[in-house]
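Engineer: Here is the input, now give the coordinates:
(2 chains)
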Amino acid sequence: DTEVTQTPKHLVMGMTNKKSLKCEQHMGHRAMYWYKQKAKKPPELMFVYSYEKLSINESVPSRFSPECPNSSLLNLHLHALQPEDSALYLCASMEGSLGTDTQYFGPGTRLTVL
Amino acid sequence: GENVEQHPSTLSVQEGDSAVIKCTYSDSASNYFPWYKQELGKRPQLIIDIRSNVGEKKDQRIAVTLNKTAKHFSLHITETQPEDSAVYFCAASNRDDKIIFGKGTRLHILP
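Structural biologist: Here you go, the predicted model:
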């Protein structure tokens, strides 16, 4: 299995809702990432988990809360989002390090905040 | 921190011609330079990458060159085809887990 999967594909939520995005990989990769991508912009790093521990947090607002329950799963919990948080949220995983291995992206969740 | 500049932002080439996209980076410690292709509504896909101990790498119609002294690297696509139309992102990594992306180049292949 060489895929990173993400659910849901699309999500519409109100500013008072609580929702979660899910990412899964069964490649035994040790690093998992969350990126945010706005239209016509590059992916913007949010969080990195390495061996299930948060290793990078790019000063993301607390309304985004990551969680890594095990080595195959990565969640992003959403609460009290703003319309400007509407974007494509991409998950990625990597086995070793960027110097030697490839980062694989999931298909993304397109989030709309009303 | 690392900063990656990418040019041009838009590029139109006739089908069959070559396309070149150029990037510069600021951190001399960067040692990994991937290129991603992203089609509309799809995920970024790695098309080629190069590491700092190599000056050039080729994969069929795609090649990447790296000049560490000048801190720039380029993507070359030869014999362009309609399916090459997409947004291309260069990137640089100066630490094990973090990639810095360029702003992207929208490539149009004209019939």
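
Engineer: Need the three-state assignment for B:I100.
Structural biologist: strand (DSSP: H, G, I helix; E, B strand; the rest coil).

Engineer: Any idea what A:L88 is bridged to?
Structural biologist: A:L88 forms beta bridges with A:Q37, A:R110, as assigned by DSSP bridges.

Engineer: Model confidence score at it, please.
Structural biologist: With respect to pLDDT, A:L88 scores 97.

Engineer: do the same with B:R95
Structural biologist: Value for B:R95, per-residue pLDDT: 67.

Engineer: Which helix or strand in chain A has the lowest average pLDDT?
Structural biologist: Within chain A, no helix or strand scores below strand A:103-105, which has a mean of 89 by mean pLDDT, DSSP states H and E.

Engineer: That one and chain B in contact?
Structural biologist: Yes: Strand A:103-105 comes into contact with chain B (CB under 8 Å from any CB of the partner chain), by way of A:103-105. The C-beta positions use only the backbone N, C-alpha and C, and glycine is treated the same way.

Engineer: so what strands line up beside that strand?
Structural biologist: Here, using DSSP bridges, strand A:103-105 pairs with strand A:87-94 (antiparallel).

Engineer: Name the residues that touch the least confident helix or strand of chain A?
Structural biologist: With contact meaning CB atoms under 8 Å, 6 or more residues apart in numbering or on different chains, strand A:103-105 is reached by A:2-4, A:25, A:27, A:29, A:33, A:35, A:90-94, B:34, B:43-46, B:99.

Engineer: Which of the residues you listed are buried, as a PyMOL select command?
Structural biologist: Remark: buried members of those, expressed as a PyMOL selection using 16 or more other CB atoms under 10 Å in any protein chain shown:
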select buried, (chain A and resi 4+25+29+33+35+90+91+92+93+94) or (chain B and resi 34+43+44+99)
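
Engineer: Helix, strand or coil: sort out the spatially most central residue of chain A for me.
Structural biologist: Nearest residue to the geometric centre of chain A (CA atoms, centre = their mean): A:W34, 2.9 Å. Three-state call for A:W34 (three-state DSSP): strand.

Engineer: Quick check: it vs B:Y32, distance?
Structural biologist: Distance, A:W34 to B:Y32, by CB to CB, to the nearest Å: 20 Å.

Engineer: got it, and B:F89?
Structural biologist: Distance of B:F89 to B:Y32, computed by CB to CB: 14 Å.

Engineer: Compare neighbour counts for those two and give me the winner.
Structural biologist: The neighbour comparison of B:F89 against B:Y32 (other CB atoms under 10 Å in any protein chain shown) goes to B:F89, with 26 against 20.

Engineer: Kindly report the residues of chain A close to chain B.
Structural biologist: Within reach of chain B by CB under 8 Å from any CB, chain A has these residues: A:31, A:40-43, A:45, A:48, A:50, A:55-56, A:90, A:94, A:97-99, A:102-108.

Engineer: count of residues packed around the residue of chain A found nearest chain B?
Structural biologist: Closest to chain B within chain A is A:P42: 3.6 Å, counting by CB to the nearest CB. Neighbourhood size, A:P42 [other CB under 10 Å]: 23.

Engineer: Leaving out the residues flanking it, which one is nearest to it?
Structural biologist: Leaving aside its sequence neighbours, A:P42 sits nearest to B:F101 (CB to CB, 6 or more residues apart in numbering or on different chains; 3.6 Å).

Engineer: Alongside chain A, which residues does chain B contribute?
Structural biologist: Contacts of chain B with chain A, taken as CB under 8 Å from any CB, map to B:31-32, B:34, B:42-46, B:49, B:51, B:87, B:89, B:93, B:96-99, B:101-104.
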